[in-house]
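compute the structure for the input listed below.
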Amino acid sequence: MQQRKSLKTWGELNNQVMHDLLSRASQPVTSGTDDQIEAYYLTGEEAATRLEPHAVLNGPIITHYQQQFKWAQHKGRPIEQLFRRIGNPNRTVSVQKPSLSLKEPSFIAMRLGDVQDSFQENIVSDDPLNVLDLRNPLPRSVLPNFLTGEDCQLLSRLRDTVLEGATAERCTASLADWNVWRDDEDWVTLAQGGAHTLMHEDSCGKATWLTVQEGQLGFGWMSRPTKDEKHAWSTSPNDYAGGKLRYIVLHRDQTIYFEAGTVHFVFRLAQCQTLLLGGHILRWSRVDLWMETVLNQLKFPNTTNEDVLPLTPKYVRTIADLIENKKKLGRAEELGGEDAISRFFDLKEQFEQELSHYQL
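Numbers count the residues shown, from 1 in each chain. Now for the predicted structure:
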């Protein structure tokens, strides 16, 4: 703690914390019993089976070649093709820069044209850009095949319910409202070599997939944390030194999927730009895990690098209605069974009590 008081920039903080994380991390157990495995290297069919409602999943899934969309072979690097598809270079995007002072936000707005210029050559930068929230200009065929099963479609059902209510007709919501959801279900992450993202959970309790399009990506996570470890980390994410940290390196055409509430971090080699396609899902059979995660994020906002308000209360109440509808149809088993449903509503009550402390 004393040493960190002398740090002046976000880059200095990120580098020091990432060094601490990687010095404690090791590669995961990938074979043995379900009580031992910490990561699953699977085929697409095996991954889809592992995501069935009652299957055990104790760590991330890593697969190959699950993306239907393909880049053109003779039109340059995927990063070059991405900017060609994005078009208008005068729009802006939020970009993290390591040289920014810790007294200021970690990101600035940059013109897309200026960002594109920075990625023209795959060169080492001493101030690597990290573009986290770039809209996806590609077709919806970027969704990995193994995530198209019925259990993985709760976020889409939530979107439809929020936008259209009781109607089953085609969506007529405004383009602005629709894009809020489209950008949540798939997006682009673009970074120069050496850009890091420290330990966090993805906001609003969502599960996440990432597919490498160019370069290599280091992905680390806290493996199978106990309740005490998770609570201790939540109270001070950048200072917690416990838990079992694991890491892997992902290559082009590999996809990683990790469940809601996974505490994770990302690191990159200095000499390697990376382009990722990613997105979020929610699983019907994990509604109680999701509710536990969003409750914890409401109590400890620093566990996630995005705001959980004001969207999360709408998510919680809408999903509660969807659960009631499933029960009426006699499909409680798809939600993990009656015990999981009961746990969801107990956690929802705690969420509403915690929410009453906020002025919305």
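
and residue 97, how many neighbours does it have?
18 (other C-beta atoms under 10 Å). From N, CA and C alone the C-beta is placed, and that goes for glycine too.

buried sites along stretch 134-151?
With burial defined by 16 or more other C-beta atoms under 10 Å, the residues of stretch 134-151 counted as buried are 134, 136, 138, 142-147, 149, 151.

widest-spaced pair of these?
Within the buried residues of stretch 134-151, 134 and 151 form the most distant pair, 28.5 Å apart (C-beta to C-beta).

residue 119 contacts residue 190, doesn't it?
Yes: contact status for residue 119 versus residue 190: in contact at 7.1 Å, counting by C-beta atoms under 8 Å.

tell me, what's touching those two both at once?
Residues touching both residue 119 and residue 190 (C-beta atoms under 8 Å, 6 or more residues apart in numbering) are 79, 129, 273.

which of those residues fall in helices?
Cross-referencing those against helices under DSSP state H gives residue 79.

out of the shared contacts of residue 119 and residue 190, which is nearest to residue 296?
For those, the nearest to residue 296 is residue 129 (30.9 Å; C-beta to C-beta).

isn't that closest one up against residue 96?
Yes: here residue 129 reaches residue 96: they are 7.2 Å apart, a contact under C-beta under 8 Å.

where does pLDDT dip in the protein?
Scanning the chain for pLDDT under 70 picks out the ranges 1-5, 165-183, 359-360.

how about the helices in it?
For the chain, applying DSSP H gives helices covering 10-24, 44-50, 78-86, 112-118, 154-164, 175-185, 227-235, 287-299, 311-328, 338-355.

that older thread, which one of the shared contacts of residue 119 and residue 190 is nearest to residue 311?
residue 129 (27.1 Å).

comparing residue 119 and residue 190, which shows the higher neighbour count?
With neighbours defined as other C-beta under 10 Å, residue 119 and residue 190 compare such that residue 190 has more, 27 against 21.

so that one sits against residue 135, correct?
No: Residue 190 is not in contact with residue 135 according to C-beta under 8 Å; the separation is 11.5 Å.

any idea what residue 64 is bridged to?
Beta-bridge partners of residue 64, counted by DSSP bridges, are residue 254.

now do the contacts for it.
43-44, 253-255.

mind running it again at 10 Å?
41-44, 47, 211, 251-255 (C-beta atoms under 10 Å, 6 or more residues apart in numbering).

quick check: it vs residue 230, distance?
31 Å (C-beta to C-beta, to the nearest Å).

and what of residue 215?
31 Å.

next: residue 100.
From residue 100 to residue 230 the distance is 30 Å (C-beta to C-beta).

the two: which has the busier surroundings?
Per other C-beta under 10 Å, whichever of residue 100 and residue 230 has more neighbours is residue 230, with 20 against 17.

ok, the more buried one to residue 50 distance?
Taking C-beta to C-beta, one finds residue 230 at 23 Å from residue 50.

okay, which residue is most central for this protein?
Nearest to the mean C-alpha position of the chain, counting by C-alpha atoms, centre = their mean, stands residue 208 at 4.1 Å.

and it, what is it in contact with?
Contacts of residue 208 (C-beta under 10 Å, 6+ apart): 60, 201-202, 256-260, 262, 264, 278-281.

just these: which are in strands?
Secondary structure from DSSP state E places 256-258, 264, 278-281 of the contacts of residue 208 in strands.

which among those residues gets closest to residue 351?
residue 280 (19.3 Å).

now do the contacts for that closest one.
So residue 280 contacts 155, 183-187, 202-209, 260 (C-beta under 10 Å, 6+ apart).

ok, it to residue 158 distance?
Distance of residue 280 to residue 158, computed by C-beta to C-beta: 11 Å.

what does residue 90 give?
Using C-beta to C-beta, which is the criterion applied here, residue 90 is 34 Å from residue 158.

quick one, which of the two is more surrounded?
Taking neighbours as other C-beta under 10 Å, residue 90 and residue 158 compare with residue 158 leading, 18 against 8.

residues touching the more buried one, list them.
With C-beta under 10 Å, 6+ apart, residue 158 has these contacts: 181, 282, 314-315, 318-319, 321-322.

8 Å instead?
By C-beta under 8 Å, 6+ apart, residue 158 lies in contact with 282, 315, 318-319, 322.

from those, list the buried ones, please.
For those, buried by 16+ other C-beta under 10 Å: 282, 315, 319, 322.

reformat those as JSON lines; add distance to residue 33.
Formatted as JSON lines, the buried ones among the contacts of residue 158 follow (distance: C-beta to C-beta, whole Å):
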{"residue": "282", "distance to residue 33": "28"}
{"residue": "315", "distance to residue 33": "35"}
{"residue": "319", "distance to residue 33": "33"}
{"residue": "322", "distance to residue 33": "34"}
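
ok, those vs residue 300, which is closest?
Closest to residue 300, out of all of the buried ones among the contacts of residue 158 and judged by C-beta to C-beta, is residue 315, at 17.7 Å.

so that closest one touches residue 294, yeah?
Yes: between residue 315 and residue 294 there is a contact at 7.2 Å, judged by C-beta under 8 Å.

got any residues that touch both of residue 129 and residue 96?
Joint contacts of residue 129 and residue 96 (C-beta under 8 Å, 6+ apart) are residue 195.
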